[in-house]
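Visitor: I would like the atomic coordinates for the input below:
(chains A and B)
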Amino acid sequence: MIVGDLKKSIQEALKTLGIEAPKVELEHPAELNHGDFSTNVALATAKIAKQKPRDIAEKVVAELQKNLPNGVKKIEVAGAGFINFYLTKGFFAEEVKNIGDDFGKNKNLEGKKVMVEYTDPNPFKPFHIGHLMSNAIGESIARLTEEEGAQVKRACWQGDIGLHVAKAIYALLQMGDDPLNIGKLGVAYVFGAKAYETDETAKKKIDELNQVIFEKADDAVNKLYEAGRKVSLEHFEELYKSLGTKFDYKFFEGIEGREGVPIAKQALKDGILEESDGAVVYRGEKVGLHTRVFLTSKGLPTYEAKELGLNKAKFKEEPNLDDSIIITANEQSDYFKVVLAAMREIMPQVAGKTRHIAHGMMRFSDSKMSSRKGNVITGESLIADVAILVHKRLADRDLSKEEKDKIAQIVAVGAIKYSILRQAIGGDIIFDFEKSISFEGDSGPYLQYSYVRAKSVLGKAESLKVQPWDGRKVEPWETTTLERLLYRFPEVVERAGAEYEPHYVTTYLTELAGVFNSWYANGKIIDAGDPASPYKLALTQAFAITMKNGLGLLGIKVPEKM
RNA sequence: GCGCCCGUAGCUCAAAGGAUAGAGUACUUGGCUUCGAACCAAGGGGUUGCAGGUUCGAGUCCUGCCGGGCGCACCA
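Guide: Now for the predicted structure:
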């Protein structure tokens, strides 16, 4: 590998010069005109060696040039004392040759089994754009983890029981019995939530209803409950289909969550949890956190207790899990600190493998989004609205209605996912339809479009029976920026996977697409008079594969036409 | 009040302690009879919230302040 070889050569050069360097750092310079690799050893060792950085750099370069490392074309000293390496055409050609369908994969997590929980919408409540955010991030992290060689189990945790359900059913009981659908359910929830806050009698009834639902004590209520749950879940299923997520496990508060009650009661007996004002709580203060309630004074489990049941169930289903990741918005960060602290005492083997990853919140510029207040944008409506905009762009394309519908769906979801995955996951996204969803420049469709163009060129080459480069001889054709970026893709994937940061992939792909588009505009790829044409075709192919694989890691599909 | 997170171009965001802090967008201008213009090329735009400190080197690390977000007992 080039990195290892270069480091070794630098290490040896330093040794010959009698300079001690604990470790050699080799990185890609931020700017491409600073070379393909750069090291700061001269700067880092200057003080100990009592020499000027540039002097050390000059000496190291002189030493390296006596026997130029494999794949290196040119070495330069630049700036304060950086040593920059430029690679040979032969190196890039070899890399391009190796770009196939597996490009990007690594074996860092080979043999590991990882469960990733994300999205977590609640039946009886709307699936809003916050869930879209969690889904986009979670799906991408799941795919990155798979790309690292792990076996991934996708899990979704759904609150099909609890006060929010009681609120919706309270309203449904008053709404007459025309057929239930997702729209009616949304209205019911908002109505019930409002009643709970403003109407004392309603509040009392809803609290009672909550108990009735939990105990499955009333047939009419049970029936309504089952119907509402079904409508919600079917709606979620449709959304997962268009988002490209397929869950291996769907856990429910009403099923796995119930199992948390006996666990909490046992923990109370064991003295891990304690009683306080009739409730069962965990005193987080003993580990520098705060107190949280696990069982209410009425004996009902809170989210905390349900979480115990859930996490036990995860390891019951998948006993050989190496890692269990829970992805939620950061409003739950402190909650998870306390629950995980309690879990470390109650079920240490589970807690030791469970980790919470927080992402930012989807917000409006002027207010907090709240499904309770009804001021949410649903995932369904957002996808539909964006798809309409895509359709407008497709108006004069020579494609069938079916093709256009399919493309609109892929491009709309791509645009939305991109707008979420373009930034570090920790940051909030201020949702603004006009600004958030873009088709130009830094956007999902920009990447999809550059892929489609590349495929179009490849299609034309095929119809003209033009063969791509045979991979054997390389002439000293000019090295393109495209080649200088392409071989870095696996490194980007590795880092994104290790840090659970899909945006490294997004940023890389956008830069890659920019470089491809610029190269594309600058000259012809298929050109009978150009001896480099077959090589350019191979480059185009390599770009298309990389873009498709990269977008795949973001959970974004590529259309063949758009 | 306490805890966690954040503050970079008009706006939305990048930047693994390194070089002249970069993209997109918006604005101005040029480019389709060429392999797809959802594209390309060019231009202006910055005291990285403020003040200290550590370091050969700080947007990045430390301290304080200012501004914002989230959380802190029976909701999820």
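Visitor: Is A:I137 located within a helix, as I assumed?
Guide: Yes - secondary structure of A:I137 (DSSP: H, G, I helix; E, B strand; the rest coil): part of a helix.
Visitor: In contact with A:E146: list those residues for me.
Guide: A:E146 makes contact with A:V152, according to Cβ atoms under 8 Å, 6 or more residues apart in numbering. Bear in mind the C-beta positions are built from the backbone N, C-alpha and C, glycine included.
Visitor: quick one: is whichever strand or helix holds it near RNA strand B?
Guide: For A:E146, the host element (DSSP states H and E) is helix A:129-147. No - against RNA strand B, helix A:129-147 shows no contacts by Cβ under 7 Å from any atom of the strand, the least distance being 11.1 Å.
Visitor: Please list the residues of the stretch 451-562 of chain A that sit near RNA strand B.
Guide: Residues of the stretch 451-562 of chain A found near RNA strand B (Cβ under 7 Å from any atom of the strand) are A:452-453, A:456-457, A:460, A:491, A:495, A:503-504, A:507, A:510, A:513-514, A:517-518, A:520-526, A:561-562.
Visitor: got it, and the stretch 151-300 of chain A?
Guide: A:159, A:162-164, A:253, A:276-279, A:281, A:290-293, A:296-297, A:300.
Visitor: Among the residues you listed, name the buried ones.
Guide: Among these, those buried by neighbour count (16 or more other Cβ atoms under 10 Å) are A:159, A:162-164, A:253, A:279, A:281, A:292-293, A:300.
Visitor: Out of those, which is nearest to A:A358?
Guide: A:R292 (17.0 Å; Cβ to Cβ).
Visitor: which residues sit in contact with the closest residue to that closest one other than its chain neighbours?
Guide: What sits nearest to A:R292 in space, not counting adjacent residues and going by Cβ to Cβ, 6 or more residues apart in numbering, is A:V338, at 4.7 Å. Neighbour list for A:V338: A:282, A:284, A:289-292, A:304 [criterion: Cβ under 8 Å, 6+ apart].
Visitor: What segments of the stretch 151-300 of chain A are strands?
Guide: Taking DSSP state E, counting those that start in this stretch as the test, the strands found in the stretch 151-300 of chain A are A:151-158, A:249-252, A:274-276, A:279-282, A:292-295.
Visitor: Quick one: closest of the ones you listed to A:K66.
Guide: strand A:151-158 (48.6 Å).
Visitor: what lines up beside that closest one in the sheet?
Guide: According to DSSP bridges, strand A:151-158 forms sheet pairs with strand A:113-117 (parallel), strand A:249-252 (parallel).
Visitor: What lies in contact with the shortest one?
Guide: To tie it back to what came earlier, the one meant is strand A:249-252. Residues outside strand A:249-252 that contact it (Cβ under 8 Å, 6+ apart): A:115, A:153-161, A:257, A:310, A:313-314, A:317.
Visitor: For the nearest residue to A:E560 once chain neighbours are set aside, grab phi and psi.
Guide: In space, and not counting its chain neighbours, A:E560 is closest to A:K455: 6.0 Å by Cβ to Cβ, 6+ apart. With angles defined as degrees, to the nearest 10, A:K455 sits at phi -60, psi -40.
Visitor: Now do the buried residues in the helix or strand of chain A with the lowest mean pLDDT.
Guide: Lowest on mean pLDDT, DSSP states H and E among the helices and strands of chain A sits helix A:433-436, with a mean of 80. For helix A:433-436, burial by neighbour count (16+ other Cβ under 10 Å) applies to A:S436.
Visitor: same deal with stretch A:95-110?
Guide: Neighbour-count burial for stretch A:95-110, with 16+ other Cβ under 10 Å as criterion, is recorded at A:95-96, A:99, A:103-104, A:106, A:109.
Visitor: where does chain A dip in pLDDT?
Guide: A:366-367 (pLDDT under 70).
Visitor: For it, which residue gets nearest to RNA strand B?
Guide: Taking Cβ to the nearest atom of the strand, RNA strand B has its nearest neighbour within chain A at A:G441, 1.8 Å off.
Visitor: Can you give me the neighbour number for that residue?
Guide: Around A:G441 there are 9 other residues, counting by other Cβ atoms under 10 Å.
Visitor: Next, it: secondary structure please.
Guide: Following three-state DSSP, A:G441 is assigned to coil.
Visitor: Backbone torsions only: list them for it.
Guide: Main-chain dihedrals, A:G441, degrees, to the nearest 10: phi 60, psi -130.
Visitor: Could you work out the most separated pair of the buried residues of stretch A:95-110?
Guide: Maximum distance among the buried residues of stretch A:95-110 (Cβ to Cβ): 27.0 Å, for A:V96 and A:L109.
Visitor: now the contacts of strand A:249-252: which count as buried?
Guide: The neighbour-count criterion (16+ other Cβ under 10 Å) marks A:115, A:153-161, A:257, A:310, A:313-314 among the contacts of strand A:249-252 as buried.
Visitor: and these, which two are the farthest apart?
Guide: The distance between the two most remote of those (Cβ to Cβ) is 23.4 Å, for A:K153 and A:I161.
Visitor: mind listing the helices for the stretch 101-250 of chain A?
Guide: Counting by DSSP state H, counting those that start in this stretch, the stretch 101-250 of chain A has helices at residues A:129-147, A:163-174, A:182-198, A:200-215, A:219-243.
Visitor: Let me fix that, I meant to ask about the stretch 451-562 of chain A.
Guide: Ranges of helices within the stretch 451-562 of chain A are A:481-486, A:489-499, A:503-522, A:533-553, based on DSSP H, counting those that start in this stretch.
Visitor: Out of these, which one sits most buried?
Guide: Highest mean neighbour count among those (mean count of other Cβ atoms under 10 Å): helix A:533-553, with a mean of 22.
Visitor: Can I get that helix in PDB? Just the C-alpha atoms.
Guide: The C-alpha trace of helix A:533-553 is given here as PDB (Å, rounded to 0.1, in the frame of the first residue of the first chain):
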ATOM      1  CA  SER A 533     -10.300   8.000 -25.400                       C
ATOM      2  CA  PRO A 534     -10.500   4.300 -24.100                       C
ATOM      3  CA  TYR A 535      -8.800   5.300 -20.900                       C
ATOM      4  CA  LYS A 536     -11.200   8.200 -20.500                       C
ATOM      5  CA  LEU A 537     -14.100   5.800 -21.000                       C
ATOM      6  CA  ALA A 538     -12.700   3.600 -18.200                       C
ATOM      7  CA  LEU A 539     -12.400   6.700 -16.000                       C
ATOM      8  CA  THR A 540     -16.100   7.500 -16.700                       C
ATOM      9  CA  GLN A 541     -17.000   3.900 -15.800                       C
ATOM     10  CA  ALA A 542     -15.000   4.200 -12.600                       C
ATOM     11  CA  PHE A 543     -16.700   7.400 -11.700                       C
ATOM     12  CA  ALA A 544     -20.200   5.900 -12.300                       C
ATOM     13  CA  ILE A 545     -19.400   3.000 -10.000                       C
ATOM     14  CA  THR A 546     -18.000   5.100  -7.300                       C
ATOM     15  CA  MET A 547     -21.000   7.500  -7.400                       C
ATOM     16  CA  LYS A 548     -23.500   4.700  -7.400                       C
ATOM     17  CA  ASN A 549     -21.800   3.000  -4.500                       C
ATOM     18  CA  GLY A 550     -21.300   6.200  -2.600                       C
ATOM     19  CA  LEU A 551     -25.000   7.300  -3.000                       C
ATOM     20  CA  GLY A 552     -25.900   3.700  -2.000                       C
ATOM     21  CA  LEU A 553     -24.200   4.300   1.400                       C
END
